[in-house]
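need coordinates for the below:
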Amino acid sequence: MSDYLSCVYSEDKRPKTSYPSKLANYLYSKYLAQTKPVSMLEFGCGRGELLRAFHDMGLMVRGNDISKYAVANNQDMCIDVFPFVDTAPYSDCSFDCIISKSFIEHLHNPVKYFEECFRILKPGGVLLSLTPDWRSNYVKFFDDYTHVRPFSKISLGLIYDAVGYKGIRVDEFKQLPLLWNSTPLYVASNIIAPFIPQTIYKSKIRWLREKMLIGYGAKE
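Below is the predicted model:
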């Protein structure tokens, strides 16, 4: 029987691209370059492409996922298989950075996750959380049957604050690399966005409309 990861993220449905490497470099330069983390943990690492990109940048990485498919595709990296509920099998103050992409919206109790990350992070460590922006994805957010918890820019910032993170910021983000370092192009994409149907799934034009949120917080 296929599981979620091997079905939704199979090679034929979502072929591997250079995008994870571009994203890793962007995230590092914008959010991590100042603290220069050495060790990184990724929750919900999936096929491991983003984790591998950070590995190739020289970080000591570890990942976890609910699917054994993650291990099968990353036998040269340390991947733990377990479903996150309330606790994670990692020691206090273990990692410089914890990251997740498209993960926290799958959690029934995300507060527990943010608390566990706080415990696991070293002092000065950083938690990065990438999740779909509810306001630009609400029409098809629940088309993924594993989605349970949508986030807005406000709610994501509040959960960081409630757990005790400092230096909190929540940025809007579109998954088109050509928009990342060009304010004029990003503004133009926002002008075009209302004319793009939310029900577009496969065309890259969807990324002119759809936004992610990037949450950032540090443990003092």
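
in the chain, which residue is most central in space?
residue 101 (1.4 Å; C-alpha atoms, centre = their mean).

that one: what's it in contact with?
23, 42, 44, 50, 130-131 (C-beta atoms under 8 Å, 6 or more residues apart in numbering). C-beta: built from backbone N, CA, C; applies to glycine.

make it 10 Å
Residues in contact with residue 101 (C-beta atoms under 10 Å, 6 or more residues apart in numbering) are 20, 23, 27, 42-46, 49-51, 128-131, 212, 214.

are any of the residues you listed buried, and which?
Among these, those classed as buried by 16 or more other C-beta atoms under 10 Å are 20, 23, 27, 42-46, 49-51, 128-131, 212, 214.

which stretches of this structure have low pLDDT?
Within the chain, the stretches with pLDDT under 70 are 1-15.

so of the buried ones among the contacts of residue 101, which ones are in strands?
42-43, 128-131, 212, 214 (DSSP state E).

rewinding a little: who does the residue nearest to the centre of the chain form a beta bridge with?
residue 130 (DSSP bridges).

how near is it to residue 67?
15 Å (C-beta to C-beta, to the nearest Å).

all helices for this protein, in order.
Using DSSP state H, the helices of the chain run over 4-8, 19-27, 49-56, 69-72, 110-120, 134-137, 153-163, 177-180, 183-192.

what pairs with the closest residue to residue 70 other than its chain neighbours across the strands?
Take residue 70 and drop its neighbours on the chain: the residue closest to it by C-beta to C-beta, 6 or more residues apart in numbering is residue 79, 5.2 Å away. With DSSP bridges as the criterion, residue 79 is bridged to residue 63.

got the contact list for residue 79?
Per C-beta under 10 Å, 6+ apart, neighbours of residue 79: 42, 45, 48, 51, 61-65, 67-73.

give me the nearest residue to residue 213, chain neighbours excluded.
residue 133 (5.0 Å).

just to revisit the earlier point, single out the most deeply packed of the helices of the chain.
Mean neighbour counts were compared across the helices of the chain using mean count of other C-beta atoms under 10 Å; the top stretch is helix 49-56, at a mean of 21.

who's in contact with that one?
9, 14, 16-25, 27-28, 32, 37, 40-42, 45, 48, 59-65, 70, 73-74, 76-79, 97, 99-101, 130.

same deal with stretch 133-152?
So stretch 133-152 is contacted by 4, 8, 66, 102, 104-110, 129, 131-132, 153-159, 170, 172-174, 193, 197-201, 206, 209-215 (C-beta under 10 Å, 6+ apart).

output it as CSV, restricted to C-alpha atoms.
Taking C-alpha atoms only, stretch 133-152 is exported to CSV below (Å, rounded to 0.1, in the frame of the first residue of the first chain):
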residue,chain,number,x,y,z
ASP,A,133,-0.9,31.5,3.7
TRP,A,134,-4.6,30.9,4.5
ARG,A,135,-5.7,34.1,2.8
SER,A,136,-4.3,33.2,-0.6
ASN,A,137,-4.9,29.4,-0.4
TYR,A,138,-8.3,29.0,1.4
VAL,A,139,-10.2,27.8,-1.7
LYS,A,140,-8.0,24.7,-2.0
PHE,A,141,-6.3,24.4,1.3
PHE,A,142,-8.4,21.4,2.3
ASP,A,143,-8.0,19.7,-1.0
ASP,A,144,-5.0,18.1,0.8
TYR,A,145,-6.8,15.7,3.1
THR,A,146,-4.0,15.8,5.6
HIS,A,147,-4.3,19.5,6.2
VAL,A,148,-5.9,20.4,9.6
ARG,A,149,-4.6,23.8,10.7
PRO,A,150,-4.4,26.8,8.5
PHE,A,151,-2.3,29.8,9.5
SER,A,152,-2.5,33.5,8.7
